[in-house]
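Q: model this:
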Amino acid sequence: MRRRPAPPLIMPVLALLLALGGGGCVNQRPDETALLAAENQAGTYRLVATSRAVVEICDRLELELAGAPELAGLPERYAGVTRTGSPMSPDLEIIKLIAPTEVAGPDMLQSELEPAYANAGLPATFLNLRTVRGLYDSVEYLGNKYGAGEQARAMLAEYSERLAALETARDGRPGPRVLILMGMPGAYVECTSNSYVGNLVEACGGINVTADPVDGFVNWNTEDLLLADPDIILRTAHALPEQVAEMFGREFAENDIWKHFRAVQAGRVYDLNHAVFSTSANFRWPEAFARLEEIFYGGAAS
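A: The predicted structure is shown next:
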């Protein structure tokens, strides 16, 4: 498969985004979970969450945290919690001072962070937040380990009910062929089913026209994308959504090849809310399902 060239200045950003979409084993240590459950339920654990998504899981489970990332808009219950730096580059010295019993973060950063945690002697767990199912597996893991099993079971039940409602609303209708573009200022990549947005599309019955056995993001040549013949093109942003919207506007207006796409000719190009359709699974997935149901089948699931 041919790759289209990217501007040299954007390559470091593309490399980071492609790394975020890669695989990696989820280290959720079920044997240790059983051994430590009693101690954790007694409130003696010191849990550090290193990403917004993990913090939101802990908040919904009403768990205490000993450390949280340096991000704006975190839940109020963690206002006084020690800040541990950015999700992609946690401050290991601060985390070591916390003396955590567990450091929990997304497995999208496992290959970058696991060696550093190991060298620092920090017990790290990497949660699968690339899919909605992975999000709820993480809910179940943390809930059972830290004495919030009841909250976790309630959340899992809600998830199962929402999936059933979506399946009923689809009523066996075949899903469309979909091209998913994720942009940043100056460049864009395609999302495969190994990415979170790709997983959302697949869960709603869409057929992703870009495939890769491992990577969540690929960089196909536009001629190959044209041959893939998508029914629908979805566009979202990795960051800086206003600048990305301008970039996509210029790309589709100035790059002549886009006018030959059947989806463009039919007016089936849709811009998605990047806060809902992000790189990591989050609890706004029902909004994502409703939006995709509307785009794919003409109406939102109940």
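Q: buried ones in stretch 53-65?
A: Judged by neighbour count using 16 or more other C-beta atoms under 10 Å, the buried positions of stretch 53-65 are 53-61, 63, 65. (C-beta placed from N, C-alpha, C; glycine too.)
Q: list the buried residues in stretch 274-292.
A: 274, 276-283, 285-286, 288-292.
Q: show me how far that stretch is from its chain's centre.
A: Mean-position distance between stretch 274-292 and its chain equals 9 Å (C-alpha atoms, centre = their mean, to the nearest Å).
Q: contacts for it next, please.
A: 17, 20-21, 51-53, 56, 60, 106, 108, 129-132, 134-135, 162, 166, 182, 195-197, 199-201, 203-204, 206, 234, 236-239, 241, 244, 272-273, 300-301 (C-beta atoms under 8 Å, 6 or more residues apart in numbering).
Q: the same query, at a cut-off of 7 Å, please.
A: 20, 51, 53, 56, 60, 106, 108, 129-132, 134-135, 162, 166, 196-197, 200-201, 204, 206, 236-238, 241, 272, 300-301 (C-beta atoms under 7 Å, 6 or more residues apart in numbering).
Q: of the residues you listed, which belong to strands?
A: 106, 236-237 (DSSP state E).
Q: adding pLDDT and distance to residue 188, write these out as JSON lines.
A: Formatted as JSON lines, those follow (pLDDT from 0 to 100; distance: C-beta to C-beta, whole Å):
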{"residue": "106", "pLDDT": "93", "distance to residue 188": "22"}
{"residue": "236", "pLDDT": "95", "distance to residue 188": "10"}
{"residue": "237", "pLDDT": "93", "distance to residue 188": "9"}
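Q: let me have those residues in JSON lines, adding distance to residue 77 as columns.
A: Output for the ones in strands among the contacts of stretch 274-292, formatted as JSON lines (distance: C-beta to C-beta, whole Å):
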{"residue": "106", "distance to residue 77": "21"}
{"residue": "236", "distance to residue 77": "30"}
{"residue": "237", "distance to residue 77": "29"}
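Q: ranking the residues you listed by neighbours, who comes first?
A: The most crowded member of the ones in strands among the contacts of stretch 274-292, judged by other C-beta atoms under 10 Å, is residue 106 (27 neighbours).
Q: count the neighbours of the closest residue to it other than its chain neighbours for me.
A: Residue nearest to residue 106 in three dimensions, not counting chain neighbours: residue 129, with 4.5 Å by C-beta to C-beta, 6 or more residues apart in numbering. Counted by other C-beta under 10 Å, the residues lying close to residue 129 total 24.
Q: so residue 129 touches residue 105, yeah?
A: No - the criterion here is C-beta atoms under 7 Å, and residue 129 misses it with residue 105 at 9.0 Å.
Q: show the pLDDT at residue 28.
A: We have a pLDDT of 43 for residue 28.
Q: and the longest strand seen in the chain, how far out from the chain middle?
A: Assignment by DSSP E gives strand 177-184 as the longest strand of the chain. On the basis of C-alpha atoms, centre = their mean, strand 177-184 sits 14 Å off its chain's mean C-alpha point.
Q: what angle do strand 177-184 and the helix or strand that it is followed by make with each other?
A: Per DSSP states H and E, the first helix or strand lying C-terminal to strand 177-184 is strand 187-191. Inter-element angle recorded for strand 187-191 and strand 177-184: 140 degrees (by axes from the mean of the first three to the mean of the last three C-alpha atoms, to 10 degrees).
Q: end-to-end on stretch 215-224?
A: Stretch 215-224 has an end-to-end distance of 18 Å (C-alpha to C-alpha, to the nearest Å).
Q: quick check: buried residues in that stretch?
A: For stretch 215-224, the neighbour count (16+ other C-beta under 10 Å) marks 215-220 as buried.
Q: looking at these, which are in strands?
A: Taking DSSP E as the definition of strands, those contribute 217-218.
Q: mind putting the buried residues of stretch 215-224 in JSON lines, distance to residue 118 and pLDDT included?
A: Compiled in JSON lines, these are given as follows (distance: C-beta to C-beta, whole Å; pLDDT from 0 to 100):
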{"residue": "215", "distance to residue 118": "25", "pLDDT": "87"}
{"residue": "216", "distance to residue 118": "24", "pLDDT": "88"}
{"residue": "217", "distance to residue 118": "27", "pLDDT": "91"}
{"residue": "218", "distance to residue 118": "30", "pLDDT": "93"}
{"residue": "219", "distance to residue 118": "31", "pLDDT": "92"}
{"residue": "220", "distance to residue 118": "35", "pLDDT": "94"}
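Q: in the chain, where's the longest helix?
A: helix 149-170 (DSSP state H).
Q: state the mean pLDDT of that one.
A: Rounded mean pLDDT across helix 149-170 is 87.
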